[in-house]
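Asker: Return a 3D structure for these sequence lines:
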Amino acid sequence: MPSDGLTIVAATPAIAALMRPSLPLRVWRRLAAQTAMGPSFAVLGADRPLAIVGFVPIEAGMLELWMTVPPGFRRLAEAAAVLRLLTRRIRSVFPDRVILARIDDRNLPGQRLAFCGGFLPTDQMLGVTSRRSWVRPPFAAIELLPTAERRAIAAVLAGNMTVRSGP
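Answerer: Numbers count the residues shown, from 1 in each chain. Prediction:
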């Protein structure tokens, strides 16, 4: 069991169902479908799932990352510990794959989590939305990045950067 009383387990329909009362129906349906489509895991607190994260194959060698948290997540006492745990987990999962995340340009905490997880922003937007594509290259490909980006990712991988709460 990781520190802070949190546990990472495979996300199952039963675990996802525990989030149902706190989510809008549209979000719940998407969570149920995504949990069934690809590998996913849940971060559990003492009595409930605090986050469910998964990956959907979108093309050969590439996965798209998704994450669902309950409403009011940032106000939870466990939020910072959950983000630290997710940062460590996302850094290490599927090291040989490109992972894509789409993060709204106004979501600064999400951007910090992505950067600490080894993701880099791109110029590609999702349609006409403000959701930017962030990419985590396979770790072998990190050597091909410019020096400043390699140093930043190396600092993240060494644990020298943490996710801060707030903007």
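Asker: Distance of residue 19 relative to residue 56?
Answerer: Residue 19 is 18 Å from residue 56, where distance means C-beta to C-beta, to the nearest Å. Quick note: C-beta positions are derived from backbone N, CA and C, even for glycine.
Asker: Counting neighbours, go ahead and name the busier of the two.
Answerer: residue 19 (22 against 16; other C-beta atoms under 10 Å).
Asker: Can you list the low-confidence ranges for the protein?
Answerer: Scanning the chain for pLDDT under 70 picks out the ranges 1-4, 91, 139-167.
Asker: Just want the most central residue of it.
Answerer: Nearest residue to the geometric centre of the chain (C-alpha atoms, centre = their mean): residue 67, 5.5 Å.
Asker: for that residue, what are its contacts?
Answerer: Residues near residue 67 by C-beta atoms under 8 Å, 6 or more residues apart in numbering: 51-54, 86.
Asker: for it, helix, strand, or coil?
Answerer: Counting by DSSP: H, G, I helix; E, B strand; the rest coil, the backbone at residue 67 sits in strand.
Asker: The helix or strand where residue 55 lies packs against which elements?
Answerer: Under the criterion of DSSP states H and E, residue 55 resides in strand 49-59. With contacts defined as 3 or more C-beta pairs under 8 Å, 6 or more residues apart in numbering; DSSP states H and E, the packing partners of strand 49-59 are helix 13-17, helix 25-37, strand 40-44, strand 62-68, helix 79-92.
Asker: rerun at 7 Å
Answerer: If you count contacts as 3 or more C-beta pairs under 7 Å, 6 or more residues apart in numbering; DSSP states H and E, strand 49-59 packs onto helix 25-37, strand 40-44, strand 62-68, helix 79-92.
Asker: what are the bridge partners for the closest residue in space to residue 31 that isn't next to it in sequence, then?
Answerer: Residue nearest to residue 31 in three dimensions, not counting chain neighbours: residue 68, with 5.0 Å by C-beta to C-beta, 6 or more residues apart in numbering. Applying DSSP bridges to residue 68 gives these bridge partners: residue 52.
Asker: Please look at residue 68 and residue 32 and confirm they touch.
Answerer: No. Counting by C-beta atoms under 7 Å, residue 68 stays clear of residue 32, with 10.3 Å between them.
Asker: more crowded one of these two?
Answerer: Neighbour totals were compared for residue 68 and residue 32, and residue 68 leads with 22 against 16 (other C-beta under 10 Å).
Asker: which residues touch that one?
Answerer: By C-beta atoms under 7 Å, 6 or more residues apart in numbering, the contact set of residue 68 is 19, 27, 31, 52.
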